[in-house]
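Novice: fold the following.
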Amino acid sequence: MSIDRMIFAFAGAVILISVFLTQYHSVNWMWLTVFVGANLFQSAFTRFCPLASILKAFGAKPGQAF
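Specialist: Sure thing, here's the model as predicted:
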């Protein structure tokens, strides 16, 4: 699996988990969703993603975007 697909899977999982936590724990968990969305948005323009750097350091196969 390439870094791109890992990032999309991780971001999707974090968003789903934070929405679940928002409904069943505290509304403040929505800030995690906002953070993930903002990070995805800025990485579309800057091509910098902290998770991509971490995955590269662990030897994951590069993809098209990162």
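Novice: for the rest of this, base every contact and every neighbour count on C-alpha atoms.
Specialist: Will do.
Novice: which helices and strands does whichever helix or strand residue 18 is part of pack with?
Specialist: Using DSSP states H and E, residue 18 sits within helix 3-24. Judged by 3 or more C-alpha pairs under 8 Å, 6 or more residues apart in numbering; DSSP states H and E, helix 3-24 is in contact with helix 30-46, helix 50-57.
Novice: give me the most central residue, the chain.
Specialist: residue 11 (3.1 Å; C-alpha atoms, centre = their mean).
Novice: got a list of what it touches?
Specialist: Contact partners of residue 11, counting by C-alpha atoms under 8 Å, 6 or more residues apart in numbering, are residue 36.
Novice: how much space between it and residue 2?
Specialist: Residue 11 sits 14 Å away from residue 2, going by C-alpha to C-alpha, to the nearest Å.
Novice: now do residue 27
Specialist: From residue 27 to residue 2 the distance is 33 Å (C-alpha to C-alpha).
Novice: same check on residue 12?
Specialist: 16 Å.
Novice: and the contacts of stretch 24-39?
Specialist: 11, 14, 15, 18, 19, 21, 22, 49.
Novice: residues of that stretch that come out buried?
Specialist: Using 16 or more other C-alpha atoms under 10 Å as the test for burial, stretch 24-39 gives 29, 30, 32, 33, 36.
Novice: let me see the mean pLDDT of that stretch.
Specialist: Across stretch 24-39, the average pLDDT comes to 95.
Novice: could I have that stretch exported to CSV, CA atoms only?
Specialist: In CSV, the C-alpha atoms belonging to stretch 24-39 read as follows (Å, rounded to 0.1, in the frame of the first residue of the first chain):
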residue,chain,number,x,y,z
TYR,A,24,-21.2,9.8,22.4
HIS,A,25,-18.7,11.7,24.5
SER,A,26,-18.2,15.4,24.0
VAL,A,27,-18.8,18.0,21.2
ASN,A,28,-15.3,19.2,21.6
TRP,A,29,-14.0,16.1,19.7
MET,A,30,-15.2,17.9,16.5
TRP,A,31,-12.0,19.9,16.8
LEU,A,32,-10.1,16.8,15.8
THR,A,33,-12.2,16.5,12.6
VAL,A,34,-11.4,20.2,11.9
PHE,A,35,-7.7,19.6,12.4
VAL,A,36,-7.6,16.6,10.1
GLY,A,37,-9.6,18.5,7.4
ALA,A,38,-7.4,21.6,7.7
ASN,A,39,-4.3,19.4,7.4
